[in-house]
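In: Whatever this is, show me its structure:
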Amino acid sequence: MRVRINRDSISIIMPQYDEIVLYTMSFTCLLLLFSLLLSHEIQFIPPREYDPRLLVAILIFLAGLVLSLYHAFIDRPKKSLEKSFMLFFAVTVNAFSGFMAAAYDLANSSGWHIIFPIINMSNSIILFFMWRAGVLDESSISDYHAPRGQIILATATVLLLYYLCHVVYNLSWIQTLSICLVYSVNLIRLLETMILRPPTSGTTV
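Out: Predicted structure coming up:
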């Protein structure tokens, strides 16, 4: 029996992906991918070695990544197909990073501390099933185009977090990915209010 889910009833947990969120995810993934390739932690496998379904998923993922970067710099309406690719990219990155980070933390946690990785793992599973059920769809991809100043701020923020995690503290790649995804957007929003906030107008009495 197919379960029908009312979007309004779960709107509070429905993620929304604007260009800043998508850009930070795609830029972080690029940094991590280049770092892993340069350190030879991952190796390129010829496409013929992949299962065809996995190859299609990888191509859609890469298309979503490239489109997330493209639309951050180009002010052009997003087509429905582009949004579907970007949504696949966003869901895959968030679900994968959340699940893998939770598994890593779970292996290194004890006592009541295990509740936190369990919550993260549950959130990743819920996100994936909302997407599979069609509750999380292309309407979650915002049409709002981010100003150039926000993109520059996002770039600087991601670079700073990535440098601290990967170089200074030498964290694992999954910890670096998880921290950059979780904290970069919140830090960007905070800095945005302090740096890019428009001056208030009015007269002083």
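In: Tell me which helix or strand in this structure has the weakest average pLDDT.
Out: helix 115-132 (a mean of 85; mean pLDDT, DSSP states H and E).
In: Buried residues of it, list them for me.
Out: Within helix 115-132, the residues that count as buried by 16 or more other Cβ atoms under 10 Å are Pro117, Asn120, Met121, Asn123, Ser124, Leu127, Phe128, Met130, Trp131. Using the backbone N, CA and C atoms, a C-beta is placed for each residue, glycine as well.
In: same thing with stretch 79-88?
Out: Buried, per 16+ other Cβ under 10 Å, within stretch 79-88: Glu82, Lys83, Ser84, Phe85, Met86, Leu87, Phe88.
In: Redo the residues you listed as JSON lines? Include secondary structure and pLDDT.
Out: What follows is the buried residues of stretch 79-88, written out as JSON lines (DSSP: H, G, I helix; E, B strand; the rest coil; pLDDT from 0 to 100):
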{"residue": "Glu82", "secondary structure": "helix", "pLDDT": "97"}
{"residue": "Lys83", "secondary structure": "helix", "pLDDT": "97"}
{"residue": "Ser84", "secondary structure": "helix", "pLDDT": "97"}
{"residue": "Phe85", "secondary structure": "helix", "pLDDT": "97"}
{"residue": "Met86", "secondary structure": "helix", "pLDDT": "98"}
{"residue": "Leu87", "secondary structure": "helix", "pLDDT": "97"}
{"residue": "Phe88", "secondary structure": "helix", "pLDDT": "97"}
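In: Adding distance to Asp105 as columns, could you present those in CSV?
Out: Shown next, in CSV, are these (distance: Cβ to Cβ, whole Å):
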residue, distance to Asp105
Glu82, 34
Lys83, 32
Ser84, 32
Phe85, 30
Met86, 28
Leu87, 27
Phe88, 26
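In: before we move on, back to that, show me what the least confident helix or strand of the chain is packed up against.
Out: Judged by 3 or more Cβ pairs under 8 Å, 6 or more residues apart in numbering; DSSP states H and E, the packing partners of helix 115-132 are helix 80-107.
In: Does anything pack onto the helix it packs on? Which helices or strands?
Out: Applying 3+ Cβ pairs under 8 Å, 6+ apart, we find helix 80-107 packed against helix 19-38, helix 52-73, helix 115-132, helix 173-195.
In: Would you mind pulling the contact partners of the shortest one?
Out: Contact partners of helix 115-132, identified using Cβ atoms under 8 Å, 6 or more residues apart in numbering, comprise 5, 10, 13-15, 87, 91, 94-96, 98-99, 101-106, 109, 136.
In: at 7 Å what do you get?
Out: Residues outside helix 115-132 that contact it (Cβ atoms under 7 Å, 6 or more residues apart in numbering): Val91, Asn94, Ala95, Gly98, Phe99, Ala101, Ala102, Asp105, Leu106, Ser109, Leu136.
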